[in-house]
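*Asks:* quick one, what's the 3D model for this:
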Amino acid sequence: MSMKKFGFSPKRSSSSFIAHYPSPSRFALPTPTMSFPDSVMLQTLEVAEPIIVKWDPETSTYAKVTSLFYDNRREALEFIKIVNKLHKAMHSLVAENSTSELLIRAQHLMQIAMKRLEKEFYQILSLNRAQLDPESVSTRSSRTSTRSSLSDFADESDDEIRVAGELISEVEDTAEGAMADLKLIAECMISSGYGKECVNIYKVIRKSIVDEGIYKLGVEKLKAAHVHKMDWEVLDLKIKNWLAAVKIAIKTLFNGERILCDHVFASSDSIREASYTEITKEGALILFGFPENVAKNSKKSPERIFRTLDMYTAIASRWPEIVSVFSFPSTSSVVNQALNSLIKLAESVRLDLTEFETLLNKESLKTTVAGAGVHRFTMETMNYLSLLGDYSVLSDILMDSPQTEKPLMPQTFFDESSSDSSPSPSVSARLAWLIFILVCKLDGKAKHYKDVSQAYIFLANNLQHILTKVRSSNLRYLLGDEWITKRESEVKKFAANYERLAWSHVFDAIPKNASAMTREEARDGFRKINAVFGEAHHKQLAIVIPDGKLRDEIKVSVARKLLPAYREFYNAQRVEMEKDRRFAAAVKYAPEDIGNALSDLFFGSSSVSSSASSSSSSKSRTSISQ
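*Replies:* Model prediction:
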């Protein structure tokens, strides 16, 4: 308890005080009638007055320009000790004799001491802004771990390592010393009844540091209406900036400030809470309020869902830190704001997924692609879905979503009962459903090809692209190996159907009993092959198969069915060709020519003059010819 609470608040200056009251040494010696508390107070005043008055800035120029804690830290500790002793003596005396004249003298000394400590507290906070900034406080390690980190300087000389170690230690010593001094002063002032003065200084200086940190991170206080009207490009930049800022704000700014506040005001839970709340609450509400405003923005953009998921992840992945740093009851509004932002962001993601599904269903079936290649619709959809598969938070978002009607997806496409092994069954089912819609749309588009063989190669190409994106992304783990195996089987069926429709009449054109044929029958056979193969080859030159593996598989399959039979027929008639020039003229293709012609296929051009296609086809000619 302090004299402020006892009702004493003398306003005399220290100089007038000393002139009015003689020093303790001039008091009469204790008489047998003097109480023990009076005796203790008199002895305490005798010790305390020289030390306290020495550092009174109103009576000493030296005290005005010098810092007690920087000038002589041992004396500073003695100063704190004697002030605490003085307060204890005052507490004992007021219980015994609240009208004692010694209390007035002690109270005035206490006021001088508190003014001194106020000044010291302010100076330590102000002069150590760099050492006590939240980032330094939050990342400062122990002296042991710091010394062990000197292994980072392994390539430097011993002198350089020593200097580096001394510099690190010096910075840490300064920060630790400042924090220790602040704590000593705070405890002394709070216990003496001057906590309000101490806290006010702390709040003003530390709030300015936090507010400056928020400003430097680029976090702005924006109204929901303002965010709602922003163009997506502008808002996207602000979201990117927020994503970078929130990491630093949680890990260093607010965490560092909490560590410092808990340390300085360790003696009072209520002061710790009130100080930290006033210093950080405003900035934290601005920081965690931004995502909620973004979630309400109605501007449509394909990228919006990913930015929303990024913000959701940024908060969700740091949720334990947020709850820990803002654990005071008076900062619960900050935690609630962060939670509200998560809820609104999740709603926005679910809405975007619904809108994306609607867009898939609205896709026109009439838009096909030249050469039966991969449709842009397939590429964009799979890019979107493969990116979605990378967000583990999607599991929480979809798990908490309201139950809707189960999509009518056949088990042959995705068996939900076997998706329990998936890292996220709800996400697996949702993404599988979206791919199913895509496949159904592709099936509808395929029906618009006049040539049925092109329809099959179109389906093979697009399903192969889907598989490639699944294998190369997190979709592989979400959909599972069984799903991939089934789709691979479907690609092979589509490719087989293409081959049957596009090439079976060429296979059938090759005579089966070449040795029993007459010269005229053989010559007619070559003419038929020339016409049928030439027509098929010319027609298939327009086909494009972007996937190299699928392209080679189809080429090799066609070659294995065509070349051995043709080579047998060709070789059986070789003698006749050498004898009769007219017969030889009817033979347009040697087996090697057919092999080379097959190698030129599926690059999507009626001519193979481009260096890229020529280079690619030449690599497969040897294997096809063989």
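*Asks:* in this structure Val393 contacts Ala314, no?
*Replies:* No. The criterion here is Cβ atoms under 8 Å, and Val393 misses it with Ala314 at 9.8 Å. Where you see a C-beta, it was placed from the backbone N, CA and C, and this is true even at glycine.
*Asks:* residues contacting Gln454?
*Replies:* Ala372, Tyr498, Ile543 (Cβ atoms under 8 Å, 6 or more residues apart in numbering).
*Asks:* for the last one, phi and psi?
*Replies:* Reported as degrees, to the nearest 10, the phi and psi values for Ile543 are phi -70, psi 140.
*Asks:* which elements pack onto the host helix or strand of Thr378?
*Replies:* Using DSSP states H and E, Thr378 maps to helix 376-388. The contact analysis (3 or more Cβ pairs under 8 Å, 6 or more residues apart in numbering; DSSP states H and E) places helix 376-388 against helix 304-316, helix 425-446, helix 452-471.
*Asks:* TSV please, covering those helices and showing distance to Phe328 and mean pLDDT.
*Replies:* Formatted as TSV, the helices and strands packed on helix 376-388 follow (distance: least, Cβ to Cβ, whole Å; pLDDT from 0 to 100):
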stretch	distance to Phe328	mean pLDDT
helix 304-316	19	95
helix 425-446	35	92
helix 452-471	47	96
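*Asks:* how about these, which one is nearest Pro134?
*Replies:* Closest to Pro134 of these, according to Cβ to Cβ: helix 304-316, at 18.5 Å.
*Asks:* what's the closest of the contacts of Gln454 to Gly283?
*Replies:* Ala372 (58.0 Å).
*Asks:* how about the contacts made by the closest one?
*Replies:* Tyr449, Gln454, Ala455, Ile457, Phe458, Asn461, Ile543, Val544.
*Asks:* try it again at 7 Å.
*Replies:* Tyr449, Gln454, Ile457, Phe458, Asn461, Ile543 (Cβ atoms under 7 Å, 6 or more residues apart in numbering).
*Asks:* compute the distance between the residue nearest to the fourth one when sequence neighbours are not counted and Phe583, please.
*Replies:* In this structure, Phe458 finds its nearest non-sequential neighbour in Ala372, 4.0 Å apart by Cβ to Cβ, 6 or more residues apart in numbering. Ala372 is 39 Å from Phe583, where distance means Cβ to Cβ, to the nearest Å.
*Asks:* list phi and psi for the residue nearest to Phe458.
*Replies:* Residue torsions, per degrees, to the nearest 10, at Ala372 are phi 60, psi 30.
*Asks:* which pLDDT value goes with it?
*Replies:* In the predicted model, Ala372 carries a pLDDT score of 92.
*Asks:* got it, and Pro402?
*Replies:* So, for Pro402, pLDDT stands at 54.
*Asks:* how about Thr66?
*Replies:* Thr66 is given a pLDDT of 78.
*Asks:* so Asp547 sits right up against Leu463, yeah?
*Replies:* No. Asp547 lies out of contact with Leu463 (Cβ atoms under 7 Å); the separation is 10.3 Å.
*Asks:* now do the contacts for the residue nearest to Met379 when sequence neighbours are not counted.
*Replies:* Excluding its sequence neighbours, the residue lying closest to Met379 (Cβ to Cβ, 6+ apart) is His465, at 6.9 Å. Residues counted as contacts of His465 (Cβ under 7 Å, 6+ apart) are Val374, Thr378, Met379, Met382.
*Asks:* any chance of a markdown table for those, columns distance to Val506 and neighbour count?
*Replies:* Converted to a markdown table, the contacts of His465 look like this (distance: Cβ to Cβ, whole Å; neighbours: other Cβ atoms under 10 Å):
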| residue | distance to Val506 | neighbour count |
| --- | --- | --- |
| Val374 | 26 | 23 |
| Thr378 | 30 | 24 |
| Met379 | 32 | 14 |
| Met382 | 34 | 23 |
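*Asks:* would you list the residues you listed in TSV and tack on distance to Arg74?
*Replies:* Listed next are these as TSV, based on distance: Cβ to Cβ, whole Å:
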residue	distance to Arg74
Val374	79
Thr378	78
Met379	74
Met382	72
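*Asks:* low-confidence stretches in the stretch 151-300 of the chain?
*Replies:* 151-174, 298-299 (pLDDT under 70).
*Asks:* closest one to Cys261 out of the contacts of His465, please.
*Replies:* Nearest to Cys261 among the contacts of His465 is Met382, at 50.1 Å by Cβ to Cβ.
*Asks:* look up the closest residue to that closest one, ignoring the ones flanking it.
*Replies:* Excluding its sequence neighbours, the residue lying closest to Met382 (Cβ to Cβ, 6+ apart) is Lys469, at 4.1 Å.
*Asks:* what's the distance between the one you found and Leu479?
*Replies:* The gap separating Lys469 from Leu479 is 11 Å, by Cβ to Cβ.
*Asks:* between the two, point out the one with more neighbours.
*Replies:* A count of neighbours by other Cβ atoms under 10 Å puts Leu479 above the other of Lys469 and Leu479, at 24 against 20.
*Asks:* now do that one against Ser392, distance only.
*Replies:* Taking Cβ to Cβ, one finds Leu479 at 15 Å from Ser392.
*Asks:* which residues are in contact with Met114?
*Replies:* Taking Cβ under 7 Å, 6+ apart as the criterion, Met114 is in contact with Met189, Ser192, Tyr194, Glu197.
*Asks:* try it again at 10 Å.
*Replies:* By Cβ atoms under 10 Å, 6 or more residues apart in numbering, the contact set of Met114 is Ser2, Lys4, Ile52, Val83, Ile185, Cys188, Met189, Ser192, Gly193, Tyr194, Glu197, Cys198.
*Asks:* now it: how far from Arg74?
*Replies:* If you go by Cβ to Cβ, the gap between Met114 and Arg74 works out to 21 Å.
*Asks:* now the contacts of Met114 in JSON lines, with secondary structure?
*Replies:* Listed next are those as JSON lines, based on DSSP: H, G, I helix; E, B strand; the rest coil:
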{"residue": "Ser2", "secondary structure": "coil"}
{"residue": "Lys4", "secondary structure": "helix"}
{"residue": "Ile52", "secondary structure": "helix"}
{"residue": "Val83", "secondary structure": "helix"}
{"residue": "Ile185", "secondary structure": "helix"}
{"residue": "Cys188", "secondary structure": "helix"}
{"residue": "Met189", "secondary structure": "helix"}
{"residue": "Ser192", "secondary structure": "coil"}
{"residue": "Gly193", "secondary structure": "coil"}
{"residue": "Tyr194", "secondary structure": "coil"}
{"residue": "Glu197", "secondary structure": "helix"}
{"residue": "Cys198", "secondary structure": "helix"}
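*Asks:* contacting residues for the nearest residue to Glu75 once chain neighbours are set aside?
*Replies:* If the residues on either side of it in the chain are set aside, Glu75 comes closest to Leu68, at 6.8 Å by Cβ to Cβ, 6+ apart. Leu68 sits next to 54-55, 75-80, 116-117, 119-120, 123, 181, 185 when contact means Cβ under 10 Å, 6+ apart.
*Asks:* Lys366 contacts Gly444, doesn't it?
*Replies:* Yes. In this structure, Lys366 is within contact of Gly444 by Cβ atoms under 10 Å, at 8.9 Å.
*Asks:* of the two, who's got more company?
*Replies:* A direct count of neighbours by other Cβ under 10 Å for Lys366 and Gly444 places Gly444 higher, at 13 against 9.
*Asks:* any buried residues in the strand or helix carrying Thr277, and which?
*Replies:* Using DSSP H and E, Thr277 falls within helix 269-295. For helix 269-295, burial by neighbour count (16 or more other Cβ atoms under 10 Å) applies to 271-295.
*Asks:* how far does it sit from the chain's center?
*Replies:* 21 Å (Cα atoms, centre = their mean, to the nearest Å).
*Asks:* list the helices and strands that helix packs on?
*Replies:* Packing contacts for helix 269-295, counted by 3 or more Cβ pairs under 10 Å, 6 or more residues apart in numbering; DSSP states H and E, involve helix 158-191, helix 195-216, helix 224-229, helix 232-248, helix 255-264, helix 304-316, helix 319-325, helix 332-362.
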